[in-house]
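Colleague: Need the 3D shape of this:
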Amino acid sequence: MKTNVNLIEGKKKNNTEKNNYSVNGFLWNERQLDKNEVVILKNELGLETCIAKLAVSRGINSQNFQNFMDTKIKTTLPDPFVLDDMEKATKKIVDCILKKQKIGVLGDYDVDGSSATSLICNYFSEIGVEYEFYIPDRIKEGYGPNIEAFETLKEKGCVLILTLDCGTTSFKPIEHISKKIDVIVVDHHQQSKLLPNAFAIINPKKNKDISNLDNLCATGVTFFLLISLSRELKKNNLFKLKLPNLIQYLDLVALATICDLVKLDQVNRAFVKQGIKVINQTKNIGLNALIQESSINQYLHEYHLGFVIGPRINAGGRVGDSRIGVKLLTTREENISSILSKKLCDFNNLRKSIEHKVEREAISQVISEDQNIICVHNKNWHPGVLGIVASKLTNKFMRPSIVISEDNELCSASCRSVRSFDIGKFILDSVNDGVLTSGGGHKMAGGFKIENSKIKDFKNFLKNKFVANIENLKKNYDSELKISTIDNQLFHKINNFSPFGIGNPKPKFIINDVVIRYPRVVGEKHLSFYFEDSYSTRIKAISFGSLGTKLGDVIKSSAPIRSALVSVTLNSWDGQENVELNVEDLIV
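Modeller: Residues are numbered from 1 along each chain as shown. You can find the predicted model right below:
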C-alpha cells in the first residue's frame with residue numbers, strides 16, 4: 001500500500017499550526033527573511049542577530065543603515081514643485097498675501113484636518129495674513145466642504161478658499177463657489193474618474209501627479225505648501241516681514257502623520273522623527289496645554305501622539321464641537337488654551353463612555369458561531385463612535401464589521417475589515433448595484449449611507465460574501481529573545497528603529513519556555529507579573545487590558561508558558577529606567 005507523503009506532511013503542518021494557536025486565537029510565525037542578508041549585515045556592521053533581522057525586514061542594508069537611523073529633513077524632502085499644481089497654487093496664494101486679501105481655510109474635523117488647518121493658520125498669523133477658518137460639523141454637515149460653508153467664508157470677505165484634507169471629490173460645492181471665488185484643494189484622498197473645477201488641486205494621489213509622495217497625510221502636503229510659500233515670499237522684494245522657521249511646525253506634522261495612519265516612508269519618517277523632537281519642546285501654547293491636561297509627564301513619543309493627544313483632538317469632532325481642536329492649536333493665550341484643553345479631555349471622556357456603551361450593545365448582537373460579515377445596528381448609537389466600535393468588533397471576531405446608526409430615513413454606517421476582504425471595493429460595488437445610497441473607502445475601512453427600510457434586506461445580502469481565511473489569523477514576530485539578553489542597552493538599540501507605525505511596526509519578539517510569577521492587578525484592568533526562565537532569571541512584564549479576558553485568566557493561573565509574544569519597553573519612574581516586557585499574546 002502506497003503512502004501519500006504529501007497528505008502526511010499536510011497533516012503534520014495542520015497539527016503544528018493547531019498547536020501554535022495562541023490564547024488570543026492567532027497563529028504566530030517568525031517573519032520570513034533572507035538569511036544571507038542578515039548574516040551580511042551582522043558581519044558588516046557588527047550587529048546582534050535580532051537587530052540585523054529588524055533591519056533586513058525593513059529593507060535596510062549597510063549602505064542605507066545610517067541614513068535610516070539618522071533621517072534628516074534637509075536631505076530627505078524633495079522640491080515642493082514636484083507636486084502637481086504646487087507652483088500654480090503658490091503663486092495664487094502669494095498674490096493674495098501681497099495684496100493683503102483675506103484667505104479662507106476649510107479643513108476636515110479629524111486630527112489631520114485640524115492639524116493642517118492649524119498649521120496654515122499659524123503660518124498666516126505669523127506673517128500678518130488675515131484669514132478665516134471653517135471646520136464642518138461631523139454630524140450635521142458631514143465630511144468635506146458644502147455650499148453653505150463656502151458661502152459663509154465668502155460673506156466674511158475671503159477672496160480665496162483653501163480646502164485641507166478634503167475637496168478632491170467635492171464637485172457640486174466647488175462648482176458652485178468657483179463661479180464667485182477661487183478654490184485651491186490641498187488633499188491626499190483618492191480621486192474618482194474626474195476632478196472638481198478648482199483653481200488648483202495639490203494632491204499626491206491625483207492620477208496625473210508624479211511626485212511619488214502619495215503616502216503624505218494632508219498636513220504633510222500642507223507643510224510642503226508652506227515651504228513653497230516661504231521660498232516664493234523670500235524672493236519677492238515687496239514682502240518685508242520676517243518669515244517663520246518652519247521646523248517649529250513639525251510638531252503638528254508629526255501628530256497628523258501618526259494619527260492618520262499613513263505609511264512611514266522616508267519622508268514621513270523624517271517628519272515624525274524630527275517632529276517628536278519639536279513636540280517635546282513645543283512653542284505651541286495649545287498643544288502644551290493639552291499635554292499637561294493629559295497628565296503626560298515624560299518624554300513624548302509616537303505612542304502619546306497616536307493614543308493620548310490624537311484621540312482628544314478627535315473627540316471634539318466626534319461628540320462635541322469640531323472647531324475646538326483648531327481653536328486650541330492656534331490660540332496664543334494661555335488662559336484660553338487651558339479652558340479648551342480641559343474641554344477636549346472632557347469630550348474624550350464622554351466619547352469613551354459612549355463608545356463603551358455602543359460596543360457592549362454591538363457585541364450582544366454578534367453571533368460568535370456565524371462566519372458572515374458582522375452587521376449590527378441601533379437607532380440610539382452615536383455616529384461619532386461607529387468606526388471605533390467597528391474596529392473593535394473586527395479585532396475581537398476577526399471578521400469584517402459594519403456598524404449602523406439608525407435614523408428615520410437615511411442611516412450612517414462605518415466598516416472595518418480583515419486582510420483577505422476588500423471592504424472599500426465591496427461598498428463601491430454595493431452602491432453601483434443600488435443596494436447602498438452612497439459610500440466609499442479603502443481595503444480595510446469605509447463608510448456608507450443606507451435607507452432604513454433596506455437594512456433587513458442588506459443583512460441578507462451580506463450572507464456568504466465573506467469566506468473565513470486562515471491568513472487573517474496569522475501574525476509575525478521578528479526574532480526570538482532570551483530573558484538574560486534583555487536589558488536597557490538592547491531596548492535602546494531596538495528603539496533606534498523608531499518612530500514606529502504603519503510600514504514600520506513596533507518589533508515583536510518571542511520568548512520560549514517561561515513561567516509566570518506573582519501576577520497582580522494594576523489600575524482597573526491591567527496585569528503586572530514576572531517571567532522566569534529555567535535559570536531563575538526574571539524580568540518584569542505587563543499585559544494591558546487583559547483582566548477578565550482569556551489572556552488574563554492564563555496569566556492569573558501562573559501556568560507554564562510555551563511562548564510569550566512581547567515588545568520591549570522602558571519604564572521610567574522616580575529617575576530610574578528599567579526594561580520590561582509588554583505582553584501581546586501567549587502560547588500555552
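
Colleague: Could you pull up phi and psi at residue 481?
Modeller: Listed backbone geometry of residue 481 is phi -120, psi 150, with angles given as degrees, to the nearest 10.

Colleague: Wait, it touches residue 51, no?
Modeller: No. With contacts counted by Cβ atoms under 8 Å, residue 481 stays clear of residue 51, the gap being 11.2 Å. C-beta: built from backbone N, CA, C; applies to glycine.

Colleague: give me the number of residues near the residue nearest to residue 243 when sequence neighbours are not counted?
Modeller: Setting aside the residues directly before and after it, residue 243 is nearest to residue 230 in space (Cβ to Cβ, 6 or more residues apart in numbering), at 5.0 Å. By other Cβ atoms under 10 Å, the residues close to residue 230 number 18.

Colleague: Can you pull out the residues in contact with the one helix or strand residue 313 maps to?
Modeller: Residue 313 belongs to helix 310-319 when assigned by DSSP states H and E. Applying Cβ atoms under 8 Å, 6 or more residues apart in numbering, the contact partners of helix 310-319 are 109-111, 114-115, 135, 138, 255, 258-259, 290, 294, 322-325, 328-329, 341, 343-345, 347-348, 350-351, 354, 382, 384-385.

Colleague: Show me what the helix or strand just after that helix is packed up against.
Modeller: Scanning forward in sequence from helix 310-319 by DSSP H and E, the next helix or strand is helix 324-330. The contact analysis (3 or more Cβ pairs under 8 Å, 6 or more residues apart in numbering; DSSP states H and E) places helix 324-330 against helix 111-126, helix 285-293, helix 310-319, helix 334-365.

Colleague: ok, residues contacting helix 324-330?
Modeller: By Cβ under 8 Å, 6+ apart, the residues outside helix 324-330 that reach it are 107, 109, 111, 114-115, 117-118, 121-122, 125, 133, 135, 252, 284, 286-287, 289-290, 313-314, 316-317, 336-337, 340-341, 343-344, 347.

Colleague: Spell out for me the PyMOL command that would select the buried members of these.
Modeller: The following PyMOL line selects those of those that are buried, judged by 16 or more other Cβ atoms under 10 Å:
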select buried, resi 107+109+111+114+115+117+118+121+122+133+135+252+284+286+287+289+290+313+314+316+317+337+340+341+343+344+347
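
Colleague: Who are the contact partners of the residue nearest to residue 243?
Modeller: Contact partners of residue 230, counting by Cβ under 8 Å, 6+ apart, are 243, 244, 246.

Colleague: next one: phi and psi at it?
Modeller: phi -60, psi -40.

Colleague: Secondary structure, neighbour count and distance to residue 520 added to the contacts of residue 230, as a markdown table?
Modeller: A markdown table is the format used below for these (DSSP: H, G, I helix; E, B strand; the rest coil; neighbours: other Cβ atoms under 10 Å; distance: Cβ to Cβ, whole Å):
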| residue | secondary structure | neighbour count | distance to residue 520 |
| --- | --- | --- | --- |
| 243 | coil | 15 | 56 |
| 244 | coil | 15 | 51 |
| 246 | helix | 16 | 48 |
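
Colleague: quick one: the closest residue to residue 148 other than its chain neighbours and residue 360, what's the gap?
Modeller: Counting by Cβ to Cβ, 6+ apart, residue 148 lies nearest to residue 141, which is 7.9 Å off, once chain neighbours are set aside. Residue 141 sits 29 Å away from residue 360, going by Cβ to Cβ, to the nearest Å.

Colleague: Between these two, which has more neighbouring residues?
Modeller: Each of residue 141 and residue 360 has its neighbours counted (other Cβ under 10 Å); residue 141 has more, 16 against 10.

Colleague: quick one: that one and residue 240, what's the gap?
Modeller: From residue 141 to residue 240 the distance is 39 Å (Cβ to Cβ).

Colleague: Could you do residue 178 as well?
Modeller: 32 Å.

Colleague: The two: who's more crowded?
Modeller: residue 178 (16 against 8).

Colleague: you'd agree the more buried one is up against residue 198?
Modeller: Yes. Residue 178 is within contact range of residue 198, at 6.7 Å (criterion: Cβ under 8 Å).

Colleague: got the domain boundaries for the protein?
Modeller: The chain breaks down by automatic domain parsing into domains covering 19-69+474-587, 76-346, 372-467.

Colleague: And the shortest one, end to end?
Modeller: The first residue of domain 372-467 is 7 Å away from its last residue (Cα to Cα, to the nearest Å).

Colleague: chain center to that domain: distance?
Modeller: Offset of domain 372-467 from its chain centre (Cα atoms, centre = their mean, to the nearest Å): 20 Å.

Colleague: Same question for the second one.
Modeller: Relative to the chain's own centre, domain 76-346 is displaced by 17 Å; criterion: Cα atoms, centre = their mean.

Colleague: Check stretch 542-561 too.
Modeller: Taking mean C-alpha positions (Cα atoms, centre = their mean), stretch 542-561 and its chain are 28 Å apart.

Colleague: Just want to check the distance between the residue positioned nearest the centre of the chain and residue 501.
Modeller: For the chain, the residue sitting closest to the mean C-alpha position, by Cα atoms, centre = their mean, is residue 261 at 2.6 Å. For residue 261, the distance to residue 501 equals 7 Å [Cβ to Cβ].

Colleague: before we move on, what about residue 367?
Modeller: 34 Å.

Colleague: the more surrounded of those two?
Modeller: Set residue 367 next to residue 501 and count neighbours by other Cβ under 10 Å: residue 501 wins out with 21 against 9.

Colleague: Buried residues, the one helix or strand residue 460 maps to. List them.
Modeller: Using DSSP H and E, residue 460 sits within helix 455-462. Under the neighbour-count criterion of 16+ other Cβ under 10 Å, helix 455-462 has 458, 459, 461, 462 buried.

Colleague: Now for the third one: which residues touch it?
Modeller: Right, the one you point to is residue 461. Contacts for residue 461 were tallied using Cβ under 8 Å, 6+ apart; they are 430, 435.

Colleague: remind me which residues of the stretch 1-150 of the chain are low pLDDT?
Modeller: 1-20 (pLDDT under 70).

Colleague: Would you map the helices across it?
Modeller: Under the criterion DSSP state H, counting those that start in this stretch, helices of the stretch 1-150 of the chain are mapped to 5-19, 35-45, 49-57, 65-69, 73-76, 86-98, 111-126, 147-155.

Colleague: Also the stretch 351-500 of the chain?
Modeller: 386-397, 423-432, 455-462, 488-495.

Colleague: Please name whichever of these is nearest to residue 185.
Modeller: With Cβ to Cβ, the closest approach to residue 185 among the helices of the stretch 351-500 of the chain belongs to helix 423-432: 21.3 Å.

Colleague: Who are the packing partners of that closest one?
Modeller: Using 3+ Cβ pairs under 8 Å, 6+ apart as the test, helix 423-432 ends up in contact with strand 410-416, strand 438-441, strand 445-451.

Colleague: Next, the angle helix 386-397 makes with that helix.
Modeller: 120 degrees (axes from the mean of the first three to the mean of the last three Cα atoms, to 10 degrees).

Colleague: Please identify the buried residues of helix 423-432?
Modeller: 423, 424, 426, 427, 428, 430, 431.

Colleague: Skipping adjacent residues, who's closest to residue 80 in space?
Modeller: Leaving out its chain neighbours, the residue that sits closest to residue 80 by Cβ to Cβ, 6+ apart is residue 228, at 3.9 Å.

Colleague: so where is the stretch 351-500 of the chain shaky, pLDDT-wise?
Modeller: For the stretch 351-500 of the chain, no range has pLDDT under 70.

Colleague: Please convert the helices and strands packed on helix 324-330 to CSV, extending it with distance to residue 189.
Modeller: Below are the helices and strands packed on helix 324-330 laid out as CSV (distance: least, Cβ to Cβ, whole Å):
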stretch, distance to residue 189
helix 111-126, 10
helix 285-293, 25
helix 310-319, 17
helix 334-365, 24
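
Colleague: Tell me which of those sits nearest to residue 235.
Modeller: helix 111-126 (17.2 Å).
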